Every structure is written in C-alpha cells, then in structure tokens.
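> A predicted structure for the sequence below; I have some questions about it.
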Amino acid sequence: MNRQQSILFLGFLLVGVLSIFIVWPRIVKTEGQLQNGQKNEVTPTIEEYQPKSTLVTKEHRIQRAKYPFIDIHSHHWNPTPEHVDQLVKEMATINLRVLVNLSGGTGEQLRQTVAAMKGRYPDRFVVFANLSYDDIDTPGYGKRAAARLEEDVKNGAQGLKIFKNFGMDVKYANGARVHVDDPEFEPVWDKCAELKLPVLIHIAEPAAFFDPWDYQNERWLELKEFPQRARPPSKYPPFETLMTERNHLFAKHPKTNFIAAHLAFHGNDLERLGKLFDDYPNVYVDIAAVLAELGRQPYSAHDFLVKYQDRVLMGKDIYDVNEYKWYFRALETRDEYFEYYRKRHAFWRIYGFQVPDEVLKKIYYQNALNLVPGIDAKAFPE
C-alpha cells in the first residue's frame, strides 16, 4: 500500500469511527422509543396530536332526541325523490319531525324543491326561498325581489334565507359592496313582515376568521383546511363593521323576525348575545354548527339558555344523521369532557349543559312553531 492509499484508508476509518459516535446515540434512543411503543417522531404536528382521554366518568350516548324536534337549519340543493325518501327514513331514527331546507332557491327552482320535498311529505319538510342578485344593478331591484318572494310564498316557501355572501361578496357592477343595511333591500324585509315570514340570515363568519391566521388563532386548523374561509382586511370589511350594519338592519325593521344563524357568531361571548336579544326583541338565533361554543362553557350556556329560552332554535347545518347525537347529549345530559364531532371547529372537548324539559321543548320545537308559518303543531307535544 503506497502513501496515498494509506491516507485514504485512514480517512475512511476516521469517518467510520465518527459516524458511530454520532449515530449510535440516536439508534439507542430510537430503539428505546420503539420498545416503549412510541413512534419515531419526537414532536407530532398539531394535526397528528390526538390524545386519548383517561377520564373515567358516566356517559350517556343518546341516539334519539327526547322530544320530536325541528331542524331550522339544513341544506339540500335540488333534492331528488330518492334523497328525500332516505331523509325521511333517517329522520325517524332520531325523532327529527320537521326539517327546514334553507336552500330552496327562487322561481322554478323553488317550485321544484317544494314539489320534491313537501309534495311527497307535506308535514315533514319546510322550504325557505332565497334571493337572486342577477338584476341587482337594474333600478327597482328591491321591489322586484320582494315581488318574487311573494310569488315564492304562493308556491310553498315558508321563510327567507340570506346566505353568507350578503354583506361580504355581493357587489354592484361598480365594485361597491352591498352593505347589510342597504336601503335597496327594505322592500324585501317589509314584505317578510307583511307575510309574517322569518328571515334566517347569515352575516359575517366567526370573528377568528377575520383575525390574523397565526398560531394564536383558535380556528387555525379550519383555516388551514379551508384557506378560502379567511377574511383578510384587504378583501373584506372588518367583523365589527358587519355587526354594526346587521344591528342597524334589525333596528330599522322591528316588525320583521330575524333568525341570526350560528348564534349570531357571538357564541364565544354570551353576554354580548344577550345584549343583542335585549336590544332587539325581533331577533332569534339557531345553534347550527356552533355547539362547541356552548359546550366549552356549560354553566354559562345552561344559564343563558334558561334566561333566553324563547329566542334559541335547534339547528344542525351540514346534514349528517349520525352527528345529531352530540346535540342531544349536550342539551339533555351533564356528561363531561367528551369529544366534539368536528375537530376543525374546536381543539377542546365539550360538556353537557342539560337544560330543563320546558326549555328543551322550546329549543327543539316550540320556538320554531311560533316563528315559521304552516308547520302542523299537532305533531308535537303541548
């Protein structure tokens, strides 16, 4: 072996020895982790970390509501007869007596939706109409929209649903945002008062969607899964601007009954929601898709629902017959620290806030019966 070969050999030997000293501790650590049943990741991602609770306490896995209920907030676009038949079968298993389809559309679409649902099962479904903004830039839009709504009512609509794009994405041809309290829409709200139609209105989004998307945002996971749900100030008005416009709308039309969707996005501040009720007697809310807000504050939620028992309605939003049981468990039991069914809505577990039966009946069906015309009250307990 010549001098050059000897130098190369010593170099390879040195690298080998150093590798042993560097890699060996990691090998030992990894083997120890595997022996203890641990994965080979030192730090899981926020999505991967899903600890299993060791809490041992009584559980009540309620599969069926204690009383027949009305779901005031559901969506079924262009339902087929097969879909409707399946709905009725599933509704019977959970004591869902009447389902309100908020996605009825207007005109011919509304007629078809009513025929598909109420035409087949007249006592099991309610259909709400929706506005069309196609002619919003033509003078006299508000009066035409009100006239279309009146025709939709003649064709079977029992309420009006305003979708989340109102106030945020609906714009005039010149690019100006349509404000929630835009005077152009006053004929619509007046027509609802005249016909005693409830307006289920979705204004804004959770306040966290308007906040910076950082690691302190409690809806971080949802924004990661659905980045389009973020509401940055470069594209959208601030949350508080939308709330101010919304409240102005409520104040200007005291004879119109408004159901603010999703606890009016004040489920994280029940004192503020209570003030909204106190200031505007024509305002109600549903609990659709915001059960986690109530479930993380069971004492406050219980007291709030008892105090404002005439103003809150049962709703689910995304229809899945297997997910209603979380609502039953929260409303009817005092179960502790159980997982919510949709992780992106809540990084926390929730608790039951069991309300008295007289309150439960109001949330499940009595408040809806008082607001929505045409539902057969004989199908429900007195």
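Nice, thanks for sending it over.
> Distance of the nearest residue to A288 once chain neighbours are set aside relative to A129?
In space, and not counting its chain neighbours, A288 is closest to G315: 3.3 Å by C-beta to C-beta, 6 or more residues apart in numbering. The C-beta positions use only the backbone N, C-alpha and C, and glycine is treated the same way. To A129, G315 is 18 Å away according to C-beta to C-beta, to the nearest Å.
> got a list of what the residue nearest to A288 touches?
71-74, 261, 286-289 (C-beta atoms under 8 Å, 6 or more residues apart in numbering).
> Kindly reformat these as CSV containing secondary structure, distance to L200 and pLDDT.
Shown next, in CSV, are these (DSSP: H, G, I helix; E, B strand; the rest coil; distance: C-beta to C-beta, whole Å; pLDDT from 0 to 100):
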residue, secondary structure, distance to L200, pLDDT
D71, strand, 12, 99
I72, strand, 7, 98
H73, strand, 7, 98
S74, strand, 11, 98
A261, coil, 6, 98
D286, strand, 7, 99
I287, coil, 13, 98
A288, coil, 9, 98
A289, coil, 13, 96
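> Name the member of those that has the highest neighbour count.
When neighbours are taken as other C-beta atoms under 10 Å, the top entry among these is I72 (30 neighbours).
> Tell me which residues touch that residue, please.
I72 neighbours (C-beta under 8 Å, 6+ apart): 100, 200, 259, 286, 288, 313-315, 368, 372.
> Now the two most distant members of the residues you listed.
The span of the contacts of I72, defined through C-beta to C-beta, is set by A288 and V372 at 15.0 Å.
> Please name the nearest non-neighbouring residue to the residue nearest to the spatial centre of the chain.
Closest to where the C-alpha atoms of the chain average out (C-alpha atoms, centre = their mean) is A289, at 2.8 Å. Of all residues not flanking A289 in the chain, D317 sits nearest, at 4.1 Å (C-beta to C-beta, 6+ apart).
> In which helix or strand does N367 reside?
Element membership for N367 (DSSP states H and E) is helix 367-371.
> which strands and helices sit next to that helix?
Counting by 3 or more C-beta pairs under 8 Å, 6 or more residues apart in numbering; DSSP states H and E, the packing neighbours recorded for helix 367-371 are strand 69-74, strand 312-313.
> Mind listing what's buried along the helix or strand containing E358?
E358 is part of helix 357-361 when elements are defined by DSSP H and E. Residues of helix 357-361 classed as buried: 359-361 (neighbour count, 16 or more other C-beta atoms under 10 Å).
> Columns distance to K252 and pLDDT on top of these, output as a markdown table?
Putting the buried residues of helix 357-361 into a markdown table (distance: C-beta to C-beta, whole Å; pLDDT from 0 to 100) gives the following:
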| residue | distance to K252 | pLDDT |
| --- | --- | --- |
| V359 | 31 | 98 |
| L360 | 34 | 98 |
| K361 | 33 | 98 |
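> Which one of the residues you listed is nearest to E225?
After measuring these against E225 - C-beta to C-beta - the closest member comes out as L360, at 33.1 Å.
> wait, doesn't that closest one sit right on A330?
No - L360 lies out of contact with A330 (C-beta atoms under 8 Å); the separation is 11.2 Å.
> how close does E339 get to R329?
For E339 relative to R329 (C-beta to C-beta), the value is 11 Å.
> now swap in L249 and tell me
Distance, L249 to R329, using C-beta to C-beta: 35 Å.
> got the CA coordinates for the helix holding N367 in PDB?
The C-alpha coordinates for helix 367-371 follow below in PDB (Å, rounded to 0.1, in the frame of the first residue of the first chain):
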ATOM      1  CA  ASN A 367     -89.900  28.500  19.200                       C
ATOM      2  CA  ALA A 368     -89.800  27.300  15.600                       C
ATOM      3  CA  LEU A 369     -93.600  26.700  15.700                       C
ATOM      4  CA  ASN A 370     -94.000  30.300  16.800                       C
ATOM      5  CA  LEU A 371     -91.900  31.700  14.000                       C
END
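> gap between stretch 152-161 and the chain center?
23 Å (C-alpha atoms, centre = their mean, to the nearest Å).
> looking only at pLDDT, what's the mean for it?
For stretch 152-161, mean pLDDT rounds to 98.
> mind listing the strands for this protein?
Listed in chain order, the strands of the chain (DSSP state E) span 69-74, 96-101, 125-127, 129-130, 160-162, 199-201, 258-260, 283-286, 312-313.
> now the ones you listed in TSV, with distance to W220?
Formatted as TSV, the strands of the chain follow (distance: least, C-beta to C-beta, whole Å):
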stretch	distance to W220
strand 69-74	25
strand 96-101	32
strand 125-127	36
strand 129-130	32
strand 160-162	28
strand 199-201	27
strand 258-260	25
strand 283-286	25
strand 312-313	28
